[in-house]
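Participant: Can you look at this prediction? I've put the sequence above it.
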Amino acid sequence: MTMAASRVVRRPVRGRVPWPVWLFLLVPAAVELGWVFWPGINSFYLSMTKWNGLGAPLSVGLKNFTDLFADDVFRQALGNNVIWAIGFGALSVAGGLALAVALNRPRRGVGIYRSAIYLPMVFSLAVTGLFWRVLYQPDGTINATLGLVGLTSWQHQWLADPKTALYAVLVAAVWRQVGYVMVLYLAGLKGCDPSLDDAAAVDGTTAWQRFWYVVWPQLRGVNTVVFAVTVIDSLRTFDIVWAMTGGGPYHSSELLSTYMFEQGFTFLNLGYASAIAVVIFALAILFIITYLVRATRQED
Amino acid sequence: MAAPVLEKPAVSATVRPPARRRRRGGWLFHAIMTPLTLLWVAPMVFVVLISVRSFDDISRRGLAALPDSFGLGGFVTAVGEGGIGLALLTSAEVTVPAVILSLWLASMAAFALSRYHIPFRRAILLTMLAGNLLPPQILLIPVARISEGLGIYDTLVGLVAIHVGFGLGFYTFVLHGFMRSIPLEITDAAKIDGAGVVQTYWRIILPLCRPSLAALGALATTWIFNDLIWSITVLRTQAKFPVTAALLNLQGGYVSNWNVVAAGAILAAIPTAIVFFAFQRHFVSGLLMGSTK
């Protein structure tokens, strides 16, 4: 850190903290403690009980967890979550990155292209789900378009077929996510040094070489964030599946979060549902820590 | 798309490469991007086309046909019988106080953590951020339970409270980063002039934070407005549902009236689309906050 910079972001001096400042901190901290951390801890306790919401939870030790791994629907949901994380991650990152590179330099029309691509980002996942449900109907636009270009054999009951339901939902989710990933990478590209790219161009490198050897290494920080955010998001994914298929048909598009919700709020198996929530947490924690480590580095 | 290859890095090429690259790439760029963008926009256009058709037209000629009729009947049904009108009001009643309250509380916490020598301030900050990153699933059942205990289960107050609690960590983290970039000399000068803690916060720091408050405000509005999982967890009475949850009910009730479903989905998308167009710059910088630098 240079002298000038250290003067600007000078650390607060050690000294007595006036009491209103404590109030400023403690009120929000108490709200978060009471509404987020306390319930979070409670879930761990509930995951080791059998409870239907009435009376007192009955302690059953780790039985819920052993039951989970014998539960076919849970295993299906877990597998679907893996497919979801990989598919959702790979497609939205590849699409978002390609678009960011394409739309990075100022050109005529770039603003319009960018806005059109990240506009879906502002719709709720439920709205996105409904939009695509309409398109996926048997007599809907997607089948009609396939018929129009002569691919009649591809026409399909997209959401009613257990083989395609999960992927049909995935496409809708990626459609919405690509814009967000693009915005993240556009910011990352802005931080890249353009003179390096120009110098490489003058040296006669191909566009691909310039991307791979010059730009990509500079995007490492953004990649970490995109990776962590994507995995955390894909473990949380709930709305769009709930809106489009509700996890069906025959649990074929079930994710951990929809299964948890179903167990907890439809069947009132609160202990069992909490155990699923704990599994989701356990899968997410590594990526939460990755994100936090990166955030700490930024704070320095 | 990326600029095409420079074949001969000869002297003339090294003198004016950018101009040549741009001119040659120009038509190719638009030839690829224009259809791609149209394809991207197509789902939205199709849904709009369906929403303005009549039920008869759709059942007679299929969902995919081009409109033969034009009418706002779908919208009227969605707003009236479908309950989307009421649900939009409910969403506003939840979103506005939740955004204001959470940014207000977060800005106080960020002020304390960024300007004063609070012990373990970084640990506190990161813990708060971690709270926002937790999967909501782990909180659903206990939160429903606790809100019952507090008597705010199935009330909008409960829903606002949970949005505030869940968003606080992230907003605090972002505002903290912004407040740290404000030179301490400014608040020192205020202190010398006799300003107390509250005055410094309210009259100096908050006005200076306006850009990041606007960005976070735009982002938080879309998040809270778009929420589904908390509404269906904390609320039981369907008449109290905000628009996202009401939309799913609409879908269940009007399962073959696709014009009504499409109209409802469009109505639910309009408020956030307005925020997007009105605060486009803020919205985008909001998306970037806390994720990159």
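Facilitator: Structure's in. What do you need? Numbers count the residues shown, from 1 in each chain, chains lettered A, B, ... in the order given.
Participant: shouldn't residue A:60 be in contact with residue A:45?
Facilitator: No: under the contact definition of Cβ atoms under 8 Å, residue A:60 does not touch residue A:45, with a separation of 11.8 Å. (C-beta placed from N, C-alpha, C; glycine too.)
Participant: Counting neighbours, go ahead and name the busier of those two.
Facilitator: Using other Cβ atoms under 10 Å in any protein chain shown, the more surrounded residue of residue A:60 and residue A:45 is residue A:60, with 18 against 13.
Participant: Now for the residue nearest to that one when sequence neighbours are not counted, how many residues are close by?
Facilitator: Nearest residue to residue A:60, sequence neighbours excluded (Cβ to Cβ, 6 or more residues apart in numbering or on different chains): residue A:50, at 5.0 Å. Using other Cβ under 10 Å, residue A:50 has 15 other residues around it.
Participant: Torsion angles phi and psi at residue A:50?
Facilitator: When read as degrees, to the nearest 10, the backbone of residue A:50 gives phi -110, psi 130.
Participant: Let me see the contact set for residue A:44.
Facilitator: Neighbour list for residue A:44: A:274, A:278 [criterion: Cβ atoms under 8 Å, 6 or more residues apart in numbering or on different chains].
Participant: Would you quantify the distance from it to residue B:123?
Facilitator: According to Cβ to Cβ, to the nearest Å, residue A:44 and residue B:123 sit 21 Å apart.
Participant: got it, and residue A:186?
Facilitator: Here residue A:186 is placed at a distance of 33 Å from residue B:123 (Cβ to Cβ).
Participant: of these two, who's got more company?
Facilitator: residue A:186 (22 against 10).
Participant: List the buried residues in the helix or strand where the more buried one lies.
Facilitator: Taking DSSP states H and E as the definition, one finds residue A:186 inside helix A:165-190. For helix A:165-190, the neighbour count (16 or more other Cβ atoms under 10 Å in any protein chain shown) marks A:165-166, A:168-189 as buried.
Participant: Quick one: check that helix for contact with chain B.
Facilitator: Yes: against chain B, helix A:165-190 shows contacts by Cβ under 8 Å from any Cβ of the partner chain at A:175, A:180, A:183, A:184, A:187, A:188.
Participant: tell me which of those is nearest to residue B:197?
Facilitator: residue A:187 (34.5 Å; Cβ to Cβ).
Participant: from what I can see that closest one touches residue B:288, true?
Facilitator: Yes: here residue A:187 reaches residue B:288: they are 4.8 Å apart, a contact under Cβ under 8 Å.
Participant: List the buried residues in stretch A:49-67.
Facilitator: A:49, A:51, A:57, A:60, A:64, A:65.
Participant: Reformat these as TSV; add pLDDT.
Facilitator: Formatted as TSV, the buried residues of stretch A:49-67 follow (pLDDT from 0 to 100):
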residue	pLDDT
A:49	91
A:51	91
A:57	87
A:60	89
A:64	91
A:65	94
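Participant: between those residues, which is closest to chain B?
Facilitator: Set against chain B, the nearest of the buried residues of stretch A:49-67 by Cβ to the nearest Cβ is residue A:51 (8.9 Å).
Participant: Give me the contacts around the helix or strand hosting residue B:60.
Facilitator: Per DSSP H and E, residue B:60 falls inside helix B:55-61. Taking contacts as Cβ under 8 Å, 6+ apart, the residues outside helix B:55-61 that touch it are B:50, B:65, B:67, B:68, B:69, B:73, B:74, B:256, B:257, B:258, B:259, B:260.
Participant: Can you confirm whether the host helix or strand of residue A:93 lies near chain B?
Facilitator: Here residue A:93 sits within helix A:72-102, counting by DSSP H and E. Yes: using Cβ under 8 Å from any Cβ, helix A:72-102 reaches chain B at A:101, A:102.
Participant: Distance from the chain centre to that helix, please.
Facilitator: 9 Å (Cα atoms, centre = their mean, to the nearest Å).
Participant: and the angle from it to helix A:165-190?
Facilitator: Helix A:72-102 runs at 30 degrees relative to helix A:165-190, counting by axes from the mean of the first three to the mean of the last three Cα atoms, to 10 degrees.
Participant: picking that back up, does the residue nearest to residue A:60 really touch residue A:57, like I thought?
Facilitator: Yes: Residue A:50 is within contact range of residue A:57, at 7.0 Å (criterion: Cβ under 8 Å).
Participant: ok now stretch B:160-180, how far from the chain's centre?
Facilitator: On Cα atoms, centre = their mean, the centre of stretch B:160-180 falls 14 Å from that of its chain.
Participant: then that stretch to CSV, C-alphas only?
Facilitator: Extracted in CSV, the C-alpha atoms of stretch B:160-180 (Å, rounded to 0.1, in the frame of the first residue of the first chain):
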residue,chain,number,x,y,z
VAL,B,160,-40.9,-8.3,6.3
ALA,B,161,-39.0,-9.3,9.4
ILE,B,162,-37.5,-12.4,7.8
HIS,B,163,-36.5,-10.5,4.7
VAL,B,164,-34.8,-7.9,6.8
GLY,B,165,-32.9,-10.5,8.9
PHE,B,166,-31.9,-12.6,5.9
GLY,B,167,-30.7,-9.7,3.8
LEU,B,168,-28.9,-7.7,6.5
GLY,B,169,-25.5,-9.4,6.3
PHE,B,170,-25.0,-8.8,2.6
TYR,B,171,-26.1,-5.2,2.7
THR,B,172,-23.9,-4.5,5.7
PHE,B,173,-20.9,-6.1,4.0
VAL,B,174,-21.3,-4.0,0.8
LEU,B,175,-22.0,-0.7,2.7
HIS,B,176,-19.1,-1.4,5.0
GLY,B,177,-16.8,-1.6,1.9
PHE,B,178,-18.2,1.6,0.6
MET,B,179,-18.0,3.5,3.9
ARG,B,180,-14.4,2.5,4.4
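Participant: is it up against chain A anywhere?
Facilitator: Yes: counting by Cβ under 8 Å from any Cβ, contacts between stretch B:160-180 and chain A involve B:161, B:162, B:164, B:165, B:166, B:168, B:169, B:172, B:173, B:176, B:177, B:180.
Participant: May I ask which of those has the most neighbours?
Facilitator: Within the residues of stretch B:160-180 next to chain A, residue B:172 tops the neighbour count with 32 neighbours, counted by other Cβ under 10 Å.
Participant: Which of the helices or strands spans it?
Facilitator: Assigned by DSSP H and E, residue B:172 belongs to helix B:156-180.
Participant: separation between residue A:107 and chain B?
Facilitator: If you measure residue A:107 against chain B using Cβ to the nearest Cβ, to the nearest Å, the figure is 7 Å.
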